[in-house]
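J.: My questions are about this predicted structure, shown below with the sequence.
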Amino acid sequence: MTVKELHQKTSWAFVMQGNVDLPLTGVYSGDLLSYVMGNGLVGQAWITMQTHQNIIAIASLKEFACIILIDGGILDEQTLISAAEHEVNVLSSPLSAFETIKKLVHLGF
Amino acid sequence: MIKVYDLKADDFTAAGSISSDIKKIAKGYGMSATTIRRIAVACYEAEINMIIHSLGGQIELSIDDDWFNVIFKDTGPGIEDIELAMKPGWSTADVIAQNMGFGAGLGLPNIKKNSDLFAINSDPQGTVLQLGFRRKELL
């Protein structure tokens, strides 16, 4: 499944679009950034409640396929600019982390 | 090749920009995808450590035939107990850093795990963290 297909299947809004044809290799969920840096894998969708600028650098360095913000998370202007510069896909799920993960499990992850 | 970056303390908005540049350079040198990812993780953690804990400093990149070296030098205040700082879960990050999701106490362990050469020296005048990555993976 690509990032675009994930968006189509969930209706989770795009906060920022980079390369939406990137294939998703799996999912990682976490808000403690060193755990994410240490354990996340290339191509994953990263679920987080963090919305500050540093998540863009992490997603870019780790080559995540996308970030999924939970609870309807939004990005401030500076973070949006950074996401655009790094071409990082960011989706916003209106659901909690648990419900977001459940939805992804139903989709076959 | 040698490149030197200046890093300001507490500048969270710029965090990761130096690591991103170093990662780009590593890609340009044709290093393996795995090594590039290890460089990215180790350098990001070290860059963040300097932003959170130090008074600022410099990051020096040098590349020779065999090694991709990155040295992180700050101007203090030093790490009181390096052995403790290396322990997973131990952190002195303040509440501002913690609220951003930093301060899990995994920075230095992550750096060590991802580097081929790891050396750290610290006193109140500053900390020097020396990392090396083999340009060609050992078979």
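T.: Now that the structure is in, tell me what you want to look at. Residues are numbered from 1 along each chain as shown, chains lettered A, B, ... in the order given.
J.: Identify the residue spatially nearest to residue A:99, adjacent ones excluded.
T.: residue A:93 (8.0 Å; C-beta to C-beta, 6 or more residues apart in numbering or on different chains). Glycine gets a C-beta too; all of them are placed from N, C-alpha and C.
J.: Whichever residue of chain A sits closest to chain B: what's it in contact with?
T.: Using C-beta to the nearest C-beta, the single residue of chain A nearest to chain B is residue A:57, 2.6 Å away. Contact analysis of residue A:57 by C-beta atoms under 8 Å, 6 or more residues apart in numbering or on different chains lists A:82, A:86, B:15-17, B:19-20, B:44.
J.: same thing but 7 Å
T.: Applying C-beta atoms under 7 Å, 6 or more residues apart in numbering or on different chains, we find residue A:57 in contact with B:15-16, B:20, B:44.
J.: Which helix or which strand is home to the most centrally placed residue in chain B?
T.: Using C-alpha atoms, centre = their mean, the residue of chain B that lies closest to the mean C-alpha position is residue B:46, 2.3 Å off. Assignment of secondary structure by DSSP states H and E places residue B:46 within helix B:33-53.
J.: In its sheet, which strands sit next to the helix or strand following that helix, and in what direction?
T.: Along the chain past helix B:33-53, the next helix or strand (assigned with DSSP H and E) turns out to be strand B:57-63. Paired strands of strand B:57-63, with direction, are strand B:2-7 (antiparallel), strand B:67-74 (antiparallel) (DSSP bridges).
J.: Including distance to residue B:103, mean pLDDT and mean neighbour count, could those strands go into JSON lines?
T.: JSON lines is the format used below for these (distance: least, C-beta to C-beta, whole Å; pLDDT from 0 to 100; neighbours: other C-beta atoms under 10 Å in any protein chain shown):
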{"stretch": "strand B:2-7", "distance to residue B:103": "18", "mean pLDDT": "97", "mean neighbour count": "14"}
{"stretch": "strand B:67-74", "distance to residue B:103": "18", "mean pLDDT": "98", "mean neighbour count": "21"}
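J.: okay, those in JSON lines with distance to residue A:51 next?
T.: Converted to JSON lines, the strands paired with strand B:57-63 look like this (distance: least, C-beta to C-beta, whole Å):
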{"stretch": "strand B:2-7", "distance to residue A:51": "24"}
{"stretch": "strand B:67-74", "distance to residue A:51": "28"}
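J.: List the buried residues in stretch A:88-95.
T.: Residues of stretch A:88-95 classed as buried: A:88-93, A:95 (neighbour count, 16 or more other C-beta atoms under 10 Å in any protein chain shown).
J.: ok and the host helix or strand of the residue of chain A closest to chain B relative to helix B:33-53, angle-wise?
T.: Secondary structure assigned from DSSP H and E places residue A:57 in helix A:54-62. Our comparison of helix A:54-62 with helix B:33-53, counting by axes from the mean of the first three to the mean of the last three C-alpha atoms, to 10 degrees, yields an angle of 150 degrees.
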